[in-house]
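> The amino acid sequence is not available; the structure is as follows:
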């Protein structure tokens, strides 16, 4: 695929196009649910604390499992991990429309779905970041990463607004759309071929278990401090997001406007 730099990488490299589309759809679906979860909890008559608890459990699950997931990604097939994560999220999010249709949807299920989705997302994230190297050549890597980051940023901006707009149409619709995004992503990943890469003995030794990332960071105190600071900012930002959603909802603000504010 040499010579496909620039915009051509999406046009010429079918496997990267499948990877890029699937990863973007997964991120877009997650961002839609991010705003729809607290809105749905509130619509069920639950309070602000319970709405925040759903977001907290999802975030804590992702944080706790991200390092062990990174070690797993070093030792396993990234495409299969991404596929498994999408299928798990498809079943979890798909259970919400199913339960709503049966009239049995409740808060405990939403809390469980948030935790399961957080676990699967913790695996999908690092797997997708590394999997790009399995579908592009080394000279395409910088262009591929740039396009991936542009797509992720766009999905992060569009997702909350789209989730709020769909919630205004029907409160279950964002979760249906989220489940469908994982289904399409899984189909694309099934069709994606990966390039065999030479084994890296140093990377294999570094993988060394779920705490390998912690040991690696412990030897780099400056980076560890920066990451801890960033984590505190993320926790504060997540709390602020839920507070904004709850406050606007109490003022009877519509879903599209809430989504636009969050975007």
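Looks like it arrived, so ask away. No experiment lies behind these values; they were computed from the predicted model shown. Numbers count the residues shown, from 1 in each chain.
> From what I see, residue 25 and residue 183 are in contact.
No - between residue 25 and residue 183 no contact is recorded; they are 9.2 Å apart, counting by Cβ atoms under 8 Å. (Glycine included, C-beta is placed from N, CA and C.)
> Which strand or helix spans residue 23?
For residue 23, the host element (DSSP states H and E) is helix 14-43.
> follow-up on the earlier one: so if I had to pick from residue 25 and residue 183, which one is more boxed in?
Neighbours per residue (other Cβ atoms under 10 Å) separate residue 25 from residue 183, with residue 25 holding more: 22 against 18.
> Which residues are in contact with the more buried one?
181, 182, 184, 185, 188 (Cβ atoms under 8 Å, 6 or more residues apart in numbering).
> Which residue is the nearest non-sequential neighbour of it?
In space, not counting the residues next to it along the chain, residue 25 is nearest to residue 181; the distance is 4.3 Å by Cβ to Cβ, 6 or more residues apart in numbering.
> Quick check: the gap between that neighbour and residue 101.
Between residue 181 and residue 101 the distance is 19 Å, computed by Cβ to Cβ, to the nearest Å.
> Roughly how far does the closest residue to residue 40 other than its chain neighbours sit from residue 103?
In this structure, residue 40 finds its nearest non-sequential neighbour in residue 171, 5.7 Å apart by Cβ to Cβ, 6+ apart. With distances taken as Cβ to Cβ, residue 171 is found 14 Å from residue 103.
> Who has more neighbours out of the two?
Taking neighbours as other Cβ under 10 Å, residue 171 and residue 103 compare with residue 171 leading, 19 against 6.
> Might one say that that one is in contact with residue 41?
No - if you go by Cβ under 8 Å, residue 171 and residue 41 don't touch, sitting 10.5 Å apart.
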